[in-house]
Every structure is written in structure tokens, then in C-alpha cells.
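Undergrad: sequence and computational prediction follow.
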Amino acid sequence: AERWASKSMKPAYNDFVVIDNAVYGFNGSMFCCVDAETGAQRWKGGRYGHGQLLLLEDQKLLVILSEAGDVVLVAAQPERHQEIARFHALDGKTWNHPAIAHGRLYVRNDEQMACYVLSENTAK
């Protein structure tokens with residue numbers, strides 16, 4: 001049975017994540033947070049175009065790859081929108097999901113791919 005319906009999140013792609021009773025995703029080109037119990041919008045902020053996101057659950061962080069090619073780190077907190085860091089990763093329109101594996105962040109669009117080292121593995 002349906003518990004609630006909401007128009008607070010209308011993503012261009014089926015891209016959202018859920019953590020701690022909060023749903024994070026896109027409402028058009030704006031990033032937002034919706035309460036998972038009620039469907040009420042908690043906050044809306046961050047113009048990332050039709051971007052994609054990835055949840056780092058153990059750190060309660062969201063990695064957003066914006067449509068313009070920026071990588072944005074956002075705190076997964078339902079109280080407010082808080083950007084932690086940002087850098088420009090790719091030129092051109094970017095609609096692909098970011099991926100993280102073995103301490104590296106991979107991003108791509110229809111013309112470029114880039115890999116960024118997130119941590120050094122010093123084990124020999």
C-alpha cells in the first residue's frame with residue numbers, strides 16, 4: 001500500500017539514495033532531501049544540473065557529478081544542504097554516474113574519462 005506521494009523529487013534520471021530516513025536526489029536541476037517517512041521536502045539546494053550521485057554510506061557523504069563536470073562532496077544530513085568540497089573534473093556535458101574503486105574516483109562523459117586518486121595505498 002502507498003504510504004505517501006510527493007512531487008518534491010522529480011529527477012531527470014532514476015537516481016537517488018536513501019540513508020537514515022532521508023532520500024537524496026534531484027528535483028529537476030536542484031539537489032534536494034526528502035523525508036523517507038512522510039515525503040516532505042527537508043531542503044533544496046545546490047544547482048548541479050541533471051547530475052548523478054553516489055552514496056559513501058560509511059562516511060555519510062554524497063559524491064555528486066554535476067552535469068557541468070564538477071565533482072561535489074555533500075554531507076548526507078537531512079537538516080541542511082552542506083557542500084564539503086568541489087573540483088572541476090571534466091569539460092562538457094556529463095550525465096554518467098561516478099564510480100569509486102580501490103581508492104580511485106572514475107568519472108566520464110561522452111568524450112572523456114578521468115581517474116583521480118583519493119588515497120595512497122602504502123602497503124607493500
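TA: All right, it came through fine.

Undergrad: and the spatially most central residue of the chain, how far is that from Arg47?
TA: Geometric centre of the chain, nearest residue: Leu53, 2.7 Å, by CA atoms, centre = their mean. If you measure Leu53 against Arg47 using CB to CB, to the nearest Å, the figure is 14 Å. (Glycine included, C-beta is placed from N, CA and C.)

Undergrad: what does Glu57 give?
TA: From Glu57 to Arg47 the distance is 25 Å (CB to CB).

Undergrad: now Ala12
TA: 14 Å.

Undergrad: equivalent analysis for Ala75, please.
TA: 17 Å.

Undergrad: same deal with Gly69?
TA: 14 Å.

Undergrad: next one: Leu65
TA: Leu65 is 14 Å from Arg47, by CB to CB.

Undergrad: same question, Val34
TA: 18 Å.

Undergrad: likewise Gly28?
TA: 10 Å.
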